[in-house]
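Chemist: Task: produce atomic coordinates for the following.
(chains A, B, C and D)
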Protein chains: 4
Amino acid sequence: MTLRILATGGTFDKHYDELNGKLGFGDSHVPALLARCRLTVPVALEQLPLMDSLDMVDADRARILAACQAASERAIVIIHGTDTMPQTAAVLGPAKLGQTIVLTGAMIPYEIANSDALFNLGFACGVAQTLAPGVYVAMNGQIFAWDNVQKNRAAGVFQPL
Amino acid sequence: MTLRILATGGTFDKHYDELNGKLGFGDSHVPALLARCRLTVPVALEQLPLMDSLDMVDADRARILAACQAASERAIVIIHGTDTMPQTAAVLGPAKLGQTIVLTGAMIPYEIANSDALFNLGFACGVAQTLAPGVYVAMNGQIFAWDNVQKNRAAGVFQPL
Amino acid sequence: MTLRILATGGTFDKHYDELNGKLGFGDSHVPALLARCRLTVPVALEQLPLMDSLDMVDADRARILAACQAASERAIVIIHGTDTMPQTAAVLGPAKLGQTIVLTGAMIPYEIANSDALFNLGFACGVAQTLAPGVYVAMNGQIFAWDNVQKNRAAGVFQPL
Amino acid sequence: MTLRILATGGTFDKHYDELNGKLGFGDSHVPALLARCRLTVPVALEQLPLMDSLDMVDADRARILAACQAASERAIVIIHGTDTMPQTAAVLGPAKLGQTIVLTGAMIPYEIANSDALFNLGFACGVAQTLAPGVYVAMNGQIFAWDNVQKNRAAGVFQPL
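Modeler: Below is the predicted model:
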């Protein structure tokens, strides 16, 4: 089993810029994070443009789809912003790629205290190796089918439709 | 799906005692850690005596087995010391409990920088919901059958026999 | 020696709001931070409205001045945003209050990885006990007189005029 | 003002060895920590053998004294284990070197959650620049003269004799 991890940014990977005082994107935290996790499972890390998922347009989702199609691995984890995660899942799901594709992210950036990023990535890396082919969202310790998930913005959690 | 988490200590849950300068066990970090992970999956947390797994004797493993037998959940994650994780798995495996039981732990305590604890717990919570009934060790982003796993102490990683 | 600490917000005390994805102000981190520092010097902590120092108006600086005037302690540390720290210092300096007043802050919020907040607070708490009465800015391991300090925004450091 | 920092180990700089599960000494954390603190004051960092101060013998304290004597800086911070910090101070004090020498340390290692290391180092770096020549212990937000300080081991704090 080899795992492909696609980093696309999102809250998970946001970085505090001390000069302008804003959260944005710099170097991805994912390489350091993977070293920390002491994985021995082979991982192919692919970094797409890091962005807030609210800024994603069709071309961005098409690029994610293309990256999945180009991947030889059967298990893919996509690190993605939470706000439009279901939309990207809805682009990938109907493509029926024959891979197990799991989208995850974080409510609090990896570099901020009390982040859920590491747990979520571990959760996603686990279920990507064990679920049947298909497209899933993995958040809050739960697995959602791509066509039955929404973000409850008021509560800050994912839930079925 | 409800998840039972059994906390038994191990490196994962060690605590630095500032008065004696040693790592030992105080209050478990697991309740705070679960809050941090923003789980919506129902979790039943059960704390057994927290100990270094090198100090475990038969009675300790029997208590873990009994806790699994008493659990109504089909998915159980056991937070356990790494040094004798395979031995405990070898007690649980032959019991054929019909549940999915996943042992995990950490090489670096949760409260120490660069810990793998959160990732490993996320990984275990994921595969406990998706694997067939049986007993597994989940470490280093890999899933091992209970009867085909060992800790490579020199490298600090788990591997098949 | 008793120390008064005035918390006014600034980058130091910013908090990530996971529901709107923005850095703002919630409960101050300062009480938890002081417990962490294991101080035995008596500390009187006073929380003023927490704000970004770019949002401060004359009334806000007047309130800080009034808090210093009302304080019986001879040593005062003010946790303040970096962007207008010299301006507030310039309100306090000419008032010649007879106390040692030290303004400090952080370039990275306390709750974000790699923050300078704890070091800066320690630095300020030290020099507030040892400097002659007057108003100072303490940042970057340096002490600046209130009338000879500016923030170099491009470099993200403080320097003399 | 240039600051010399002597790193001698102690709890402050202990490192968790994931292979043997013990706290010991590896590479010093101090270089990374100084980068984090965004100092613009010139700092000369000198690393002596890192050790638990309970293991220090006369030769170790003589080496620290020699390092102070060899230093051209007027302000010196010594990062030291807490258990015998007063003993080392008692070697340095009578030497009347004409420098301001401040010993500090930590009750919880820098790399462990809730550490006081950063605060204490900031505190020491501040008072080393402002106190009259002499030898001091700076812990718990307080400054102690070298000949009037002891560690209260039961409480985990420093206090006068």
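Chemist: pull the longest helix from chain A.
Modeler: helix A:58-70 (DSSP state H).
Chemist: which parts of that helix are buried?
Modeler: The neighbour-count check on helix A:58-70 (16 or more other CB atoms under 10 Å in any protein chain shown) flags A:Asp60, A:Arg61, A:Ile64, A:Leu65, A:Ala67, A:Cys68 as buried. In short, each C-beta sits where N, CA and C put it, glycine included.
Chemist: Can you tell me which of these comes closest to D:Gly9?
Modeler: Nearest to D:Gly9 among the buried residues of helix A:58-70 is A:Ala67, at 47.5 Å by CB to CB.
Chemist: for the longest helix of chain A, what is the average pLDDT?
Modeler: The average pLDDT within helix A:58-70 is 98.
Chemist: Tell me how far it lies from the chain's centre.
Modeler: The chain centroid and the centroid of helix A:58-70 are separated by 13 Å, computed with CA atoms, centre = their mean, to the nearest Å.
Chemist: Find the helix or strand that the residue lying farthest from the centre of chain A is a member of.
Modeler: In chain A, the residue that sits farthest from the middle, by CA atoms, centre = their mean, is A:Leu19; the gap is 27.7 Å. Under the criterion of DSSP states H and E, A:Leu19 resides outside all helices and strands.
Chemist: Also A:Phe123?
Modeler: A:Phe123 belongs to helix A:117-127, assigned by DSSP H and E.
Chemist: Might you report the residue contacts of the spatially most central residue of chain A?
Modeler: Geometric centre of chain A, nearest residue: A:Ile79, 1.9 Å, by CA atoms, centre = their mean. By CB atoms under 8 Å, 6 or more residues apart in numbering or on different chains, the contact set of A:Ile79 is A:Ile5, A:Leu6, A:Ala7, A:Thr8, A:Gly9, A:Gly10, A:Phe12, A:Asp13, A:Val30, A:Thr104, A:Gly105, A:Leu121.
Chemist: Export those residues to CSV and append columns for pLDDT.
Modeler: CSV is the format used below for the contacts of A:Ile79 (pLDDT from 0 to 100):
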residue, pLDDT
A:Ile5, 98
A:Leu6, 98
A:Ala7, 98
A:Thr8, 98
A:Gly9, 98
A:Gly10, 98
A:Phe12, 98
A:Asp13, 98
A:Val30, 96
A:Thr104, 98
A:Gly105, 98
A:Leu121, 98
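Chemist: Restricted to strands, list those residues.
Modeler: Within the contacts of A:Ile79, residues falling in strands by DSSP state E are A:Ile5, A:Leu6, A:Ala7, A:Thr8, A:Gly9, A:Thr104.
Chemist: got the contacts of A:Ile79 as CSV, with neighbour count columns?
Modeler: Shown next, in CSV, are the contacts of A:Ile79 (neighbours: other CB atoms under 10 Å in any protein chain shown):
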residue, neighbour count
A:Ile5, 24
A:Leu6, 22
A:Ala7, 22
A:Thr8, 27
A:Gly9, 25
A:Gly10, 29
A:Phe12, 30
A:Asp13, 27
A:Val30, 22
A:Thr104, 30
A:Gly105, 28
A:Leu121, 28
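Chemist: just these now: which is nearest C:Asp83?
Modeler: Using CB to CB, A:Asp13 comes nearest to C:Asp83 of the contacts of A:Ile79, at 26.3 Å.
Chemist: Count the residues that sit near A:Pro49.
Modeler: When neighbours are defined as other CB atoms under 10 Å in any protein chain shown, A:Pro49 has 12 of them.
Chemist: That one belongs to a strand?
Modeler: Yes - checked against DSSP: H, G, I helix; E, B strand; the rest coil, A:Pro49 lies within a strand.
Chemist: On the pLDDT front, check it for me.
Modeler: Predicted confidence (pLDDT) for A:Pro49: 97.
Chemist: near chain B, which residues of chain A?
Modeler: Chain A comes close to chain B at residues A:3, A:36-41, A:43, A:107, A:114-116, A:118-127, A:129-131, A:138, A:140-143, A:156-159, as judged by CB under 8 Å from any CB of the partner chain.
Chemist: Between its first and last residues, how far does stretch A:12-30 reach?
Modeler: The first and final residues of stretch A:12-30 sit 9 Å from each other (CA to CA, to the nearest Å).
Chemist: any chance you could map the helices in chain A?
Modeler: Under the criterion DSSP H, helices of chain A are mapped to A:30-36, A:58-70, A:85-92, A:117-127.
Chemist: With respect to chain D, which of those lies nearest?
Modeler: Nearest of the helices of chain A to chain D, taken as CB to the nearest CB: helix A:30-36 at 11.2 Å.
Chemist: Check what contacts the closest one and list those residues.
Modeler: Residues from elsewhere that reach helix A:30-36 (CB under 8 Å, 6+ apart): A:5, A:7, A:13, A:43, A:45, A:47, A:79, A:110, A:117-118, A:121, B:114-116, B:119.
Chemist: Identify the farthest-apart pair in those residues.
Modeler: Using CB to CB, the contacts of helix A:30-36 span at most 24.2 Å, a distance reached by A:Gln47 and B:Ser115.
Chemist: Comparing those two, which residue is more hemmed in?
Modeler: With neighbours defined as other CB under 10 Å, A:Gln47 and B:Ser115 compare such that B:Ser115 has more, 24 against 16.
Chemist: Let me see the contact set for A:Gln150.
Modeler: Counting by CB under 8 Å, 6+ apart, A:Gln150 touches A:Pro86, A:Phe158, A:Gln159, A:Pro160, A:Leu161.
Chemist: pLDDT score for the second one?
Modeler: It refers to A:Phe158. Listed pLDDT for A:Phe158 reads 98.
Chemist: Which residue, other than its chain neighbours, is closest to it?
Modeler: If the residues on either side of it in the chain are set aside, A:Phe158 comes closest to A:Met139, at 4.3 Å by CB to CB, 6 or more residues apart in numbering or on different chains.
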